[in-house]
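# model the following, please.
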Amino acid sequence: MEGTTNASEEIKPVEGSVFLKKHFPLLAKLPYPGKYDDLGSTGKEILSDDSFEGFRTELTCNHSEKYNSSHIFHLFTPRGENTSPHYLYNIFYNSDNTFCFARIDNERKLFCKFGHSLFNKKLNLHFVAHMPKDLTANASIEADYKLPFASLGFKADKTFTRSFSVLTSLPKNFSFGYEYTIVPEQQFEVQHFALRYQKNALSYLATINTSQQLNLSCTYKKNNLEAVSDFMVGPVQVGVLGTQFGAGFKYFFKNNILRLKGDSTGHIVGTYEEGITNFMKISYSASINYLTSEYKFGIGLSAVK
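From the prediction side, this is the model:
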């Protein structure tokens with residue numbers, strides 16, 4: 001379900017180039033709107049189902065200012081669908097213009113993303129590769145270019161699926177986005193249109209695509225509170241249109257974070273994180289569907305050294 005903007009995506013004024021100020025003074029006054037892919041990221045985070053079951057531990061090791069790694073071990077409950085323990089290892093490297101992230105688990109599923117920035121971080125290039133346990137590798141490239149008042153994006157993978165996107169600021173606190181995606185294997189094309197209005201603590205986002213899906217969402221962000229509501233009209237089954245509604249919030253205490261969300265499918269998710277020391281925190285997770293009577297509970301412990 002679509003949401004609205006996140007903190008990194010908020011409209012911020014940026015200094016326009018000398019050329020823009022001289023020849024296009026209106027464009028020079030417009031703020032940078034963020035990337036098209038970031039539209040809805042706050043709503044997606046709050047309304048996502050990140051609940052887990054059983055016991056999970058995570059240890060993060062800061063080897064240097066640029067390099068760290070983490071070990072995640074998840075022990076499922078016998079009642080759950082997954083009863084075997086799961087292990088995940090992450091590596092992250094970040095410098096001024098380059099970053100690399102890699103992840104592998106005990107089932108040999110591999111994911112890697114490499115990124116590099118050029119021209120004073122205006123052009124960002126990414127290479128993504130992932131390989132599931134059946135060893136069928138897939139790779140893709142991503143690129144985005146930052147203008148003072150807009151951003152341009154491009155994606156392509158080994159199946160020749162590709163997409164082009166643009167997000168530009170408009171006067172009066174509006175932003176307009178467009179994305180065109182081609183999927184040759186399915187002989188399928190889809191166009192997405194987005195319109196955002198943002199002022200002070202409120203942000204409104206409307207998206208529509210040629211697959212007959214419409215999303216309307218509203219986000220409120222002020223001080224320690226983030227809240228979002230989302231309404232979707234579109235295909236829920238092949239040839240069947242339906243509606244979905246979701247709402248949720250996240251509240252930041254001094255050392256704790258509380259998140260709660262619910263939707264029209266009967267799903268309610270709650271998570272609570274509490275910092276117990278400067279380097280350790282404990283988290284609680286609960287999920288229930290009151291329509292199907294399904295539920296799960298989990299507890300997690302994470303530490304940084």
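
# Asn62 bridge partners, please.
Beta bridges link Asn62 to Asn68 when assigned by DSSP bridges.

# was I right to think it contacts Lys305?
Yes: between Asn62 and Lys305 there is a contact under Cβ atoms under 8 Å: 7.2 Å. Placement of C-beta: from N, CA and C, glycine included.

# these two: which has the busier surroundings?
Asn62 (12 against 8; other Cβ atoms under 10 Å).

# contacts only, for the more buried one.
68, 304-305 (Cβ atoms under 8 Å, 6 or more residues apart in numbering).

# closest to Phe154 among the residues you listed?
Closest approach to Phe154 among these (Cβ to Cβ): Asn68, at 30.0 Å.

# distance check, the closest one against Phe76.
Separation of Asn68 from Phe76 (Cβ to Cβ, to the nearest Å): 26 Å.

# these two - which one has more neighbours?
Set Asn68 next to Phe76 and count neighbours by other Cβ under 10 Å: Phe76 wins out with 19 against 16.

# leaving out sequence neighbours, find the closest residue to that one.
Among residues not flanking Phe76 along the chain, Gly54 sits closest, at 4.3 Å (Cβ to Cβ, 6 or more residues apart in numbering).

# what is that neighbour paired to in the beta sheet?
So, taking DSSP bridges as the rule, Gly54 has Gly298 as bridge partners.

# hmm, Leu75 and it touching each other?
Yes: with contacts counted by Cβ under 8 Å, Gly54 reaches Leu75, the gap being 5.2 Å.

# just for this structure, where's the confidence low?
Across the chain, the ranges flagged by pLDDT under 70 are 1-24, 78-83, 238-239.

# residue ranges of the helices in it, please?
Applying DSSP state H to the chain gives helices spanning 18-23, 25-28, 41-47.

# specify which member of the contacts of Asn62 is nearest to His130.
Closest approach between the contacts of Asn62 and His130, by Cβ to Cβ: Asn68, at 21.0 Å.

# what's the spacing between the closest one and Tyr295?
Computed with Cβ to Cβ, the distance linking Asn68 and Tyr295 is 35 Å.

# what do you get for Leu75?
Noted for Leu75: a distance of 18 Å to Tyr295, by Cβ to Cβ.

# and what of Leu88?
24 Å.

# neighbour-wise, which of the two wins?
Leu88 (17 against 14).

# quick one: residues contacting that one.
71-74, 103-106.

# neighbour count for Gly54 and Leu75, which is higher?
Set Gly54 next to Leu75 and count neighbours by other Cβ under 10 Å: Gly54 wins out with 21 against 14.

# the stretch 1-150 of the chain: strands as residue ranges?
Along the stretch 1-150 of the chain, counting by DSSP state E, counting those that start in this stretch, strands occupy 54-62, 67-75, 86-94, 98-105, 110-118, 123-131, 138-146, 150-157.

# understood, closing this out.
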